[in-house]
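Chemist: Turn this into a structure:
(one chain, ligands or ions: 1)
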Amino acid sequence: MPLTEFSLIDRFFAAQAARRGDVAVGIGDDAAVLDVPAGQQLVVAADTLVAGVHYPADAAAEDIGHKALAVNLSDLAAMGARPAWATLALTLPDADATWLEGFARGFFALAERSGVSLVGGDTTRGPHAVITVQILGFVPQGAALLRTGARPGERIYVSGNLGDAALALQLLAGAITAPADARMWIEARLHRPEPRLALGERLRGLASAAIDVSDGLLADLGHILDGSAVGATLWVDRLPRSAAFLSTVPDLQSPAWYELPLAGGDDYELCFTAAPAHAPALAALADELGIALTPIGEIEAEPGLRCRRDDGRGYQPARRGYEHFGG
Ligand SMILES: [Mg+2]
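Modeler: Model (predicted):
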């Protein structure tokens, strides 16, 4: 039966919102009242997904619910923060109960797994679906990972693999084909990104700067370089690619080989910088968490981003995710 009253949506979400002990007042009053632990700083981010722009209008509701929260959690991971609370603002053309149920399933499954309580929100009627999630979390005073801390001589790392989500878009568009199991795995990387929350927290004290890779490595690393007023060399043959990526794009001559990991976007991995002295601690952390942490370049004093092949030749990316390329 379709829900016609938008107030029903509020109740639908309120009923499922688990309550952390630090939520003094949650959904149901004019605003939430939240206890911030002593010695911690509040870290806040928000992200909006627009139907037909940030996800296909016919994407599975459960995947949309997951992703709407995941992209926000990824921003907190990049700050080294631990998430605590979320708010949700939903604009929908109609109140479709089946869609809402799926959306809530995806959203709350990830929220629960991440220790996040939904503490407020709003629902409105509008011409397109627009989903805004705000996430709030903590870091110990002064411990947040910023974009401004990279220094010459440090190494650039990236977690996990790059290029899978962009490859999924190519598969969905029919531009590339893949075996069924590889295709399923690759599409899950697009629809179900896994925010690197445990890694982000553990990088406090190890990483000098960090960002999550949402717009593509070139663009996001570019933000660190700009923020830190440094440059870098990036070794494009060392970019980590998943087994499914390798089996789908076997040809090094294919434009996808370099371009998807460099500029594809939607990876939600962490890109960070660290002093060479931290290399053993990072290797141990990678083992402990079961997440690859791959050194992919070096921070340099000379401004600009220089992409190089392992044989030393320069590589000029086709897509300008980042506009400040050097020699
Ligand atoms: Mg980000």
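
Chemist: All the strands of the stretch 201-327 of the chain, residue numbers only.
Modeler: Using DSSP state E, counting those that start in this stretch, the strands of the stretch 201-327 of the chain run over 209-212, 231-235, 270-274, 293-300, 304-308.

Chemist: Quick one: those as TSV, columns for distance to residue 260, mean pLDDT and mean neighbour count too.
Modeler: Quick note: C-beta positions are derived from backbone N, CA and C, even for glycine. Written out in TSV, the entries for the strands of the stretch 201-327 of the chain read as follows (distance: least, C-beta to C-beta, whole Å; pLDDT from 0 to 100; neighbours: other C-beta atoms under 10 Å):
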stretch	distance to residue 260	mean pLDDT	mean neighbour count
strand 209-212	17	98	26
strand 231-235	15	98	21
strand 270-274	16	98	27
strand 293-300	15	98	20
strand 304-308	14	96	19
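
Chemist: closest to the ion out of these?
Modeler: Taking C-beta to the ion as the criterion, strand 209-212 is the member of the strands of the stretch 201-327 of the chain that comes nearest to the ion, at 4.3 Å.

Chemist: May I have the strands that pair with the closest one, each with its orientation?
Modeler: With DSSP bridges as the test, strand 209-212 is paired with strand 270-274 (antiparallel).

Chemist: and the strand it pairs with with the ion, contact?
Modeler: No - looking at strand 270-274 against the ion by C-beta under 5 Å from the ion, there are no contacts, and the closest approach is 9.7 Å.

Chemist: Tell me what angle that strand forms with strand 293-300.
Modeler: With axes from the mean of the first three to the mean of the last three C-alpha atoms, to 10 degrees applied, the angle from strand 270-274 to strand 293-300 works out at 60 degrees.

Chemist: interface residues of the chain facing the ion?
Modeler: The chain has residues 75, 212 near the ion, with proximity defined as C-beta under 5 Å from the ion.

Chemist: how about the nearest residue to the most centrally placed residue in the chain, chain neighbours excluded?
Modeler: To find the centre residue of the chain, average its C-alpha atoms and take the closest one (C-alpha atoms, centre = their mean): that gives residue 268, at 2.9 Å. Leaving aside its sequence neighbours, residue 268 sits nearest to residue 193 (C-beta to C-beta, 6 or more residues apart in numbering; 3.9 Å).

Chemist: In a strand, that neighbour, correct?
Modeler: No - the secondary structure assignment for residue 193 gives coil rather than a strand, going by DSSP: H, G, I helix; E, B strand; the rest coil.

Chemist: On the pLDDT front, check it for me.
Modeler: Per-residue pLDDT puts residue 193 at 96.

Chemist: From residue 89, how far off is residue 125?
Modeler: With the distance defined as C-beta to C-beta, to the nearest Å, residue 125 ends up 13 Å from residue 89.

Chemist: more neighbours, those two?
Modeler: More neighbours surround residue 89 than the other of residue 125 and residue 89, with 16 against 11 (other C-beta atoms under 10 Å).

Chemist: partners of the more buried one in the sheet?
Modeler: Beta bridges link residue 89 to residue 122, residue 132 when assigned by DSSP bridges.

Chemist: How about residue 137?
Modeler: With DSSP bridges applied, residue 137 shows beta-bridge pairing to residue 43, residue 83.

Chemist: low-confidence ranges in the stretch 201-327 of the chain?
Modeler: Applying pLDDT under 70 to the stretch 201-327 of the chain flags the ranges 319-327.

Chemist: Would you map the helices across it?
Modeler: Along the stretch 201-327 of the chain, the stretches classed as helices by DSSP state H, counting those that start in this stretch are 217-228, 243-248, 255-263, 279-289.

Chemist: Kindly reformat the ones you listed as CSV containing mean neighbour count and distance to residue 173.
Modeler: Output for the helices of the stretch 201-327 of the chain, formatted as CSV (neighbours: other C-beta atoms under 10 Å; distance: least, C-beta to C-beta, whole Å):
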stretch, mean neighbour count, distance to residue 173
helix 217-228, 22, 21
helix 243-248, 18, 14
helix 255-263, 21, 12
helix 279-289, 13, 33
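
Chemist: Relative to residue 269, how far out is the closest residue to residue 282 other than its chain neighbours?
Modeler: For residue 282, the nearest residue in space outside its immediate sequence neighbours is residue 293; the separation is 5.3 Å by C-beta to C-beta, 6+ apart. Relative to residue 269, residue 293 is positioned 10 Å away (criterion: C-beta to C-beta).

Chemist: Equivalent analysis for residue 88, please.
Modeler: Shown here: residue 88 relative to residue 269, a distance of 25 Å by C-beta to C-beta.

Chemist: Settle it for me: which of the two has more neighbours?
Modeler: When residue 88 and residue 269 are compared for neighbours, residue 269 comes out ahead with 31 against 24, by other C-beta under 10 Å.

Chemist: on that earlier part again, ramachandran coordinates for the residue nearest to the centre of the chain?
Modeler: Main-chain dihedrals, residue 268, degrees, to the nearest 10: phi 60, psi 30.
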